[in-house]
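**Student:** sequence and predicted structure below; questions after.
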Amino acid sequence: MSLLQQFRIPKVQLVLILLLVALSAFLHYPLLTVARITILSVLFTVGSDLLLVYLRKHTLFVPHAAMVTGLILGLTINPHLSWYGILLISIIAVVSKHFVQISRRHIFNPAAFGLIVGNVLLNDSVSWWGVSFQVLKLTPLNIVLFLLLLLPILVSGIRMKRIGSISSFLLTFSILLFLQHQTSPLTILTDPTVLFFALTMLPEPMTSPITLQRQILYGGFVAIAATVFFYLPFDVPDGLLPFLLLGNLAFFKFR
């Protein structure tokens with residue numbers, strides 16, 4: 001496959017976009033902090049995926065999906081987590097794809113599964129550090145950073161045709177939070193963490209519905225579940241990711 005053909009693969013395009021997002025973090029955080037968490041997350045995730053596939057099938061491949069997972073982990077793991085904590089989360093994410101399956105199809109978004117299970121075991125929390133500073137402000141740099149965070153929709157929404165899940169989640173989530181807390185829908189729709197979740201993690205093609213009708217139901221379901229968590233009598237590890245996993249499970253048979 002030629003280099004040009006490689007660039008046409010949606011997951012390769014998403015890898016490049018997430019790399020740009022990670023590189024933009026150098027403008028906001030110390031160089032070594034960004035480099036360390038990004039490199040270790042990608043290295044551990046890709047290495048785990050390659051090893052498991054080789055042990056199971058005795059073959060090597062280009063792990064595009066693991067690169068995407070590693071970059072997502074790098075942008076959301078606590079950047080000060082120990083190297084073995086990063087390794088644990090990365091391994092859990094990859095193992096979930098290979099072994100938490102039904103009919104040889106994995107159930108959960110690997111990055112979300114690794115973050116939730118790993119952080120529970122480590123008694124830590126999801127940070128979203130690399131995708132929380134791109135707040136929309138009327139300055140040239142902030143506008144560029146915000147637009148960069150929107151780029152995944154070109155892959156997840158257009159190339160992978162998951163615009164139904166994205167729009168349904170954002171619309172439902174913003175309306176419900178307005179009704180619950182009088183939070184402006186514009187605030188929700190420009191929140192960088194919510195946007196990264198909705199554009200990159202929610203519409204992951206292997207764990208989200210294909211048909212438009214089911215996408216709309218899926219996005220709405222996750223949004224409703226995420227707003228209900230405010231009323232739960234117990235704490236949850238994160239305000240979005242556990243409900244993504246719940247949506248993955250609920251819609252597994254309807255993809």
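**Tutor:** Yes, it's here.
**Student:** check contacts around the residue nearest the centre of the chain.
**Tutor:** Centroid-nearest residue in the chain, with C-alpha atoms, centre = their mean: Met201, separated by 3.2 Å. When contacts are counted by C-beta atoms under 8 Å, 6 or more residues apart in numbering, Met201 touches 72, 109, 111-112, 241, 244. C-betas here are computed from N, CA, C, even on glycine.
**Student:** out of those, which is nearest to Leu122?
**Tutor:** Leu122 lies nearest to Leu241 out of these, by C-beta to C-beta, at 14.7 Å.
**Student:** burial check on Ile39, number of neighbours?
**Tutor:** Neighbourhood size, Ile39 [other C-beta atoms under 10 Å]: 14.
**Student:** so how far is the helix or strand hosting it from its chain's centroid?
**Tutor:** Following DSSP states H and E, one finds Ile39 within helix 31-57. Centroid separation for helix 31-57 versus its chain: 16 Å, with C-alpha atoms, centre = their mean, to the nearest Å.
**Student:** strands of the stretch 1-150 of the chain, start to end?
**Tutor:** Along the stretch 1-150 of the chain, counting by DSSP state E, counting those that start in this stretch, strands occupy 101-102, 105-106.
**Student:** picking up where we left off before, kindly reformat the contacts of Met201 as a markdown table containing neighbour count, distance to Val131 and pLDDT.
**Tutor:** A markdown table is the format used below for those (neighbours: other C-beta atoms under 10 Å; distance: C-beta to C-beta, whole Å; pLDDT from 0 to 100):
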| residue | neighbour count | distance to Val131 | pLDDT |
| --- | --- | --- | --- |
| Ile72 | 29 | 9 | 98 |
| Asn109 | 27 | 16 | 98 |
| Ala111 | 30 | 12 | 98 |
| Ala112 | 30 | 14 | 98 |
| Leu241 | 24 | 13 | 97 |
| Leu244 | 28 | 15 | 98 |
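**Student:** tabulate those (CSV), appending distance to Tyr218.
**Tutor:** Listed next are those as CSV, based on distance: C-beta to C-beta, whole Å:
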residue, distance to Tyr218
Ile72, 19
Asn109, 12
Ala111, 17
Ala112, 14
Leu241, 15
Leu244, 10
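**Student:** which one of the residues you listed sits closest to Val228?
**Tutor:** Using C-beta to C-beta, those come closest to Val228 at Leu244, 13.8 Å.
**Student:** residue contacts, the closest one?
**Tutor:** Contacts for Leu244 were tallied using C-beta under 8 Å, 6+ apart; they are 109, 112, 197, 201-202, 222.
**Student:** chain neighbours aside, what residue packs nearest to it?
**Tutor:** Ala112 (4.9 Å; C-beta to C-beta, 6 or more residues apart in numbering).
**Student:** assess the claim that the one you found and Leu245 are in contact.
**Tutor:** Yes. With contact defined as C-beta atoms under 8 Å, Ala112 reaches Leu245; the gap is 5.6 Å.
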